[in-house]
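one predicted model, sequence on top.
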Amino acid sequence: MSFEGRDILSTEDMNKEDILEIMAVTARMEDLFRTQHVSDLLADKMVAVIFLEPSTRTRLSFETAIKRLGAKSITVADAKTSSAAKGETLADTARTIEGYVDCIVVRQPMLGGAKVMADAVSIPVINGGDGPGQHPTQALLDLYTIQNEKGGLEGHKVAMVGDLKYGRTVHSLSYALAPFAPEEYIFCAPDALQMPDQIVANMKEKGITCRKTDKIEEALQADVLYMTRIQKERFDDPAEYERLKGSYILTRDILEKGNREITIMHPLPRVDEISTDVDALPNAAYFRQAHNGVFLRMALLAMVMGRA
Amino acid sequence: MSFEGRDILSTEDMNKEDILEIMAVTARMEDLFRTQHVSDLLADKMVAVIFLEPSTRTRLSFETAIKRLGAKSITVADAKTSSAAKGETLADTARTIEGYVDCIVVRQPMLGGAKVMADAVSIPVINGGDGPGQHPTQALLDLYTIQNEKGGLEGHKVAMVGDLKYGRTVHSLSYALAPFAPEEYIFCAPDALQMPDQIVANMKEKGITCRKTDKIEEALQADVLYMTRIQKERFDDPAEYERLKGSYILTRDILEKGNREITIMHPLPRVDEISTDVDALPNAAYFRQAHNGVFLRMALLAMVMGRA
Amino acid sequence: MSFEGRDILSTEDMNKEDILEIMAVTARMEDLFRTQHVSDLLADKMVAVIFLEPSTRTRLSFETAIKRLGAKSITVADAKTSSAAKGETLADTARTIEGYVDCIVVRQPMLGGAKVMADAVSIPVINGGDGPGQHPTQALLDLYTIQNEKGGLEGHKVAMVGDLKYGRTVHSLSYALAPFAPEEYIFCAPDALQMPDQIVANMKEKGITCRKTDKIEEALQADVLYMTRIQKERFDDPAEYERLKGSYILTRDILEKGNREITIMHPLPRVDEISTDVDALPNAAYFRQAHNGVFLRMALLAMVMGRA
């Protein structure tokens, strides 16, 4: 019950025990989803889903979680129609909505914005992404996926591929998985998009072996392959982008050079960094990963509202 | 039960028996709506309503159908806030949402887009309009309206008026009603907007008498008068539009020259092609037609999810 | 039961008895909200929430009220995706939606637009704001707040501060509170934004003492202080705006010069016209006022649908 009333702002607030508790409740929620489809666990609750920047996937995943638990939601899906557009502060928005609902899920572009809202109200706030900051539900669903696909969280060799410099998900995953004694982190990216030195140093301090490479073949030897998209906008020189992007596209052919049991993950949406012929492989886990987001969010909602 | 798990992509997939089964279930759904208002037939189901192009009327009609059956919905009402805007394919969107819900309703502008989504997933997909392609729920609610207003589907003389060249609804209606031995189709339009020759030829092959005219007086002799809007954008010469549009405006005065029992239909929204003084006539069926859309969509949702 | 089937278009339609009945039902709804959280009073009802101009706060408040009563809603949150964008009249929109739901809540920018819709249909219509016209649920929640904070509606000295010329809420409040024998209205604004003479004359005819001032110190002697925002756009001369706005900003310091029991209200959103250090005062009622909007809207919904 330790999560009742707690805000979910970042996985950095969480210790290993917290994460394991969340994993256990998520597994129970997956079971609830598969057996009851719609439960009445939160039938007397309402949740506000406030998305001040667009993210259909995350929003729909939260709304599914809310409704599968029998709760009701009110939604802002578009910043332009919100009071924020009239100059209202996040704290005032939160204090107003506090009178309507039992929990707030918020995504907005300002670093630390979810914490501002959480500090303003006494109901729990779940951070659905605060710009360049945290996206804790993504990190936790990534962990749940690794646990499900690999049978546990401990001791994996995890490769992260693509844009490791700006990619929020790979930063969060690095930290969130760190307590589970990963055998190695393989950071695979072009030099210009490599994992920030500070994060690599932090991981080494935690005793994790870290390897930087720009060759995807090295990444393919891992247990878990976490692909991300390389965005053209990140490059000063478009020609450089064109030259590099092909090196980080996953195909069936290239996968044959690596660990055939490798679990392939991606936060989605993908554009072309994973070839669609990969989708049918049993170890292509990225759609299951997206579906796990519903179970994970059901777990957090039930936990912070004291029902799990 | 033959509809369980089936996609609803086009009425062209349907035989006469299919259509009659849908009509029968729709009648039961109308009864359910009128007696119970909200039922729990689909209380354990969730439906995604993905509208990547705006259509408030169709969206609200589907959402009403979903909620009147006790199901829950998640909605995308605006393409700009969707993952599609980040370059995701329709197939990927469908595969992600497949993990959230039991059925997908989709409207999007690409011909064949609903089929792409249906092919990507194992849950049923209902096409809410795919650009220049199909809009099967409109065609089926039109049939249900004719059945209700006329006491049956067989043997009617049906006039279609307005923009028959680009009007998707009149194309679909022509095909959907064809198995029910219509006495005659009267295609009433200015030459530039007449029914495509291919469709007229197809109807004749099916043994249906077809007449083309540009005089609305001929259309008024029918049993059913299906009005559509003539859009200014369809004309190269604005003066031509101004000259013609008045000829295809339905008023009380002009109706007195025709069959006084004629059932007046329109897919709505209308602009000025039916004078509002027509609304009070007992045979002005267009608002009932819109309301029938809810019953028809309830029927399809219940059928494809195996509950009707 | 006199409210069953009635439209809520304006508080000007209401007599003192009507208002007192609404206050009594609102108090019961507040109790229902606090004890049951979600009730099933309207479990067989559906409500359309049609917002053709953005107003997140009002929309979310209505949707909360609908869902806390167990009813279901369909929502248009964005004018651009609506049929209105295709040239449909408000009357046609209303007649179509009438077949879907049991009640329509509408906000749109045209003066009298809610009445146009109400006249077109037989289900009740609640006006959520019609441009420069009425916003009756705001006026009624303001009354409910005064009643709760002060223990009754009769005989108060009420100061209104800020933009009294264009501020719809202060106009409505003046009329709505008039039957309850206010001791005095203090209209506090810069000359250019003072309460219209017509309204002041109307209030005097009703026997209410009215005072105009441009000094906020006078307003602070009232029982109730109703703050509103001064908008820069209202001034021809930006320098004039800059000079004046500071005079109408409420701070803890300035409040110490007035009645320490004064109830501070604001329709929200605020920008900077109330300093955030005021929020913690026990008599800062503006967030409670926003929360009261849910109870008031629950009351109206239940009343017009014959359940209260």
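Good, I have the coordinates.

rest of the way, CA atoms for contacts and neighbours
Fine.

name the residues of chain A found near chain C, please.
Within chain A, the positions adjacent to chain C are A:43-45, A:72, A:74-76, A:81-83, A:86-89, A:92, A:95-96, A:99-101 by Cα under 8 Å from any Cα of the partner chain.

which parts of chain A belong to which domain?
Split into domains by automatic domain parsing, chain A comes to A:11-134+A:292-304, A:137-289.

and the last one, end to end?
Counting by Cα to Cα, to the nearest Å, you get 12 Å between the two ends of domain A:137-289.

CSV for the domains of chain A, including mean neighbour count, distance to B:K212 and mean pLDDT?
Converted to CSV, the domains of chain A look like this (neighbours: other Cα atoms under 10 Å in any protein chain shown; distance: least, Cα to Cα, whole Å; pLDDT from 0 to 100):
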stretch, mean neighbour count, distance to B:K212, mean pLDDT
domain A:11-134+A:292-304, 21, 47, 94
domain A:137-289, 19, 49, 94
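
okay, these in JSON lines with distance to B:Q221 next?
As requested, the domains of chain A are exported to JSON lines (distance: least, Cα to Cα, whole Å):
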{"stretch": "domain A:11-134+A:292-304", "distance to B:Q221": "49"}
{"stretch": "domain A:137-289", "distance to B:Q221": "55"}
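
next, format the ones you listed as a markdown table and append distance to chain B.
What follows is the domains of chain A, written out as a markdown table (distance: least, Cα to the nearest Cα, whole Å):
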| stretch | distance to chain B |
| --- | --- |
| domain A:11-134+A:292-304 | 5 |
| domain A:137-289 | 6 |
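
next step: the residues of chain A next to chain C restricted to helices.
A:D92, A:R95, A:T96 (DSSP state H).

closest one to C:N148 out of these, please.
Distance to C:N148 across these (Cα to Cα) is lowest for A:T96, with 17.8 Å.

quick one: the closest one from C:Y226, how far?
A:T96 sits 17 Å away from C:Y226, going by Cα to Cα.

with A:R68 instead?
Using Cα to Cα, we find A:R68 at a distance of 42 Å from C:Y226.

show me what contacts A:L173?
By Cα atoms under 8 Å, 6 or more residues apart in numbering or on different chains, the contact set of A:L173 is A:A139, A:D142, A:L143.

helices and strands around the helix or strand where A:E149 lies, which ones?
If you go by DSSP states H and E, A:E149 is part of helix A:136-150. Helix A:136-150 is packed against helix A:16-36, strand A:125-130, helix A:168-177, strand A:263-265, helix A:286-304, with contacts defined by 3 or more Cα pairs under 8 Å, 6 or more residues apart in numbering or on different chains; DSSP states H and E.

mind redoing it with 10 Å?
Judged by 3 or more Cα pairs under 10 Å, 6 or more residues apart in numbering or on different chains; DSSP states H and E, helix A:136-150 is in contact with helix A:16-36, helix A:56-68, strand A:125-130, helix A:168-177, strand A:224-227, strand A:263-265, helix A:286-304.

give the other helices and strands that the helix or strand just after it contacts.
Helices and strands here follow DSSP H and E; after helix A:136-150, the next one along the chain is strand A:157-161. Where contact means 3+ Cα pairs under 10 Å, 6+ apart, strand A:157-161 is packed against helix A:168-177, strand A:184-188, strand A:209-213, helix A:216-219, strand A:224-227, strand A:263-265.

okay if I get these as a markdown table plus distance to B:M305?
Below are these laid out as a markdown table (distance: least, Cα to Cα, whole Å):
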| stretch | distance to B:M305 |
| --- | --- |
| helix A:168-177 | 36 |
| strand A:184-188 | 45 |
| strand A:209-213 | 49 |
| helix A:216-219 | 43 |
| strand A:224-227 | 35 |
| strand A:263-265 | 31 |
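
out of those, nearest to C:Q198?
Nearest to C:Q198 among these is helix A:168-177 (58.9 Å), distances taken as Cα to Cα.

the closest one to strand A:184-188, inter-axis angle?
Counting by axes from the mean of the first three to the mean of the last three Cα atoms, to 10 degrees, helix A:168-177 lies at 170 degrees to strand A:184-188.

in contact with the closest residue to A:M23 other than its chain neighbours, which residues?
Among residues not flanking A:M23 along the chain, A:Y144 sits closest, at 6.1 Å (Cα to Cα, 6 or more residues apart in numbering or on different chains). By Cα atoms under 10 Å, 6 or more residues apart in numbering or on different chains, the residues touching A:Y144 are A:19-20, A:22-24, A:26-27, A:138, A:150-153, A:289, A:292-293, A:295-296.

thinking again about what came up before, out of the helices and strands packed on helix A:136-150, nearest to C:S247?
In terms of Cα to Cα, the element of the helices and strands packed on helix A:136-150 nearest to C:S247 is strand A:125-130, at 36.2 Å.

and the closest one, C-alpha only, in CSV?
Output in CSV follows, covering the C-alpha atoms of strand A:125-130 (Å, rounded to 0.1, in the frame of the first residue of the first chain):
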residue,chain,number,x,y,z
VAL,A,125,-0.2,13.0,-10.3
ILE,A,126,1.3,10.6,-12.9
ASN,A,127,3.8,12.1,-15.3
GLY,A,128,3.0,11.0,-18.9
GLY,A,129,6.2,12.8,-20.2
ASP,A,130,7.5,16.3,-19.4
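
just want the angle from that strand to helix A:90-98.
Here strand A:125-130 points in a direction 130 degrees away from that of helix A:90-98 (the same axes, to 10 degrees).

how far does strand A:125-130 sit from the chain's center?
Averaging C-alpha positions (Cα atoms, centre = their mean, to the nearest Å) puts strand A:125-130 11 Å from its chain's average.

which strands or helices does it pack on?
strand A:46-51, helix A:56-68, strand A:103-108, helix A:113-120, helix A:136-150, helix A:286-304.

in CSV: the ones you listed, plus distance to A:G246.
Below are the helices and strands packed on strand A:125-130 laid out as CSV (distance: least, Cα to Cα, whole Å):
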stretch, distance to A:G246
strand A:46-51, 34
helix A:56-68, 26
strand A:103-108, 32
helix A:113-120, 37
helix A:136-150, 25
helix A:286-304, 20
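
for the closest residue to A:G133 other than its chain neighbours, give me its contacts.
Leaving aside its sequence neighbours, A:G133 sits nearest to A:L111 (Cα to Cα, 6+ apart; 5.2 Å). Contact analysis of A:L111 by Cα under 10 Å, 6+ apart lists A:G129, A:D130, A:G131, A:P132, A:G133, A:Q134.

gap between the first one and B:L153?
In this structure, A:G129 lies at 54 Å from B:L153, with Cα to Cα as the measure.

let's have the helices and strands packed on helix A:136-150 in a markdown table, adding distance to C:L281.
Shown next, in a markdown table, are the helices and strands packed on helix A:136-150 (distance: least, Cα to Cα, whole Å):
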| stretch | distance to C:L281 |
| --- | --- |
| helix A:16-36 | 37 |
| helix A:56-68 | 35 |
| strand A:125-130 | 24 |
| helix A:168-177 | 40 |
| strand A:224-227 | 51 |
| strand A:263-265 | 51 |
| helix A:286-304 | 29 |
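
nearest to B:I199, of the ones you listed?
Among the helices and strands packed on helix A:136-150, helix A:56-68 comes nearest to B:I199, with 39.7 Å by Cα to Cα.

rewinding a little: and the helix holding A:E149 with strand A:125-130, angle?
Between the axes of helix A:136-150 and strand A:125-130, defined by the same axes, to 10 degrees, the angle is 90 degrees.
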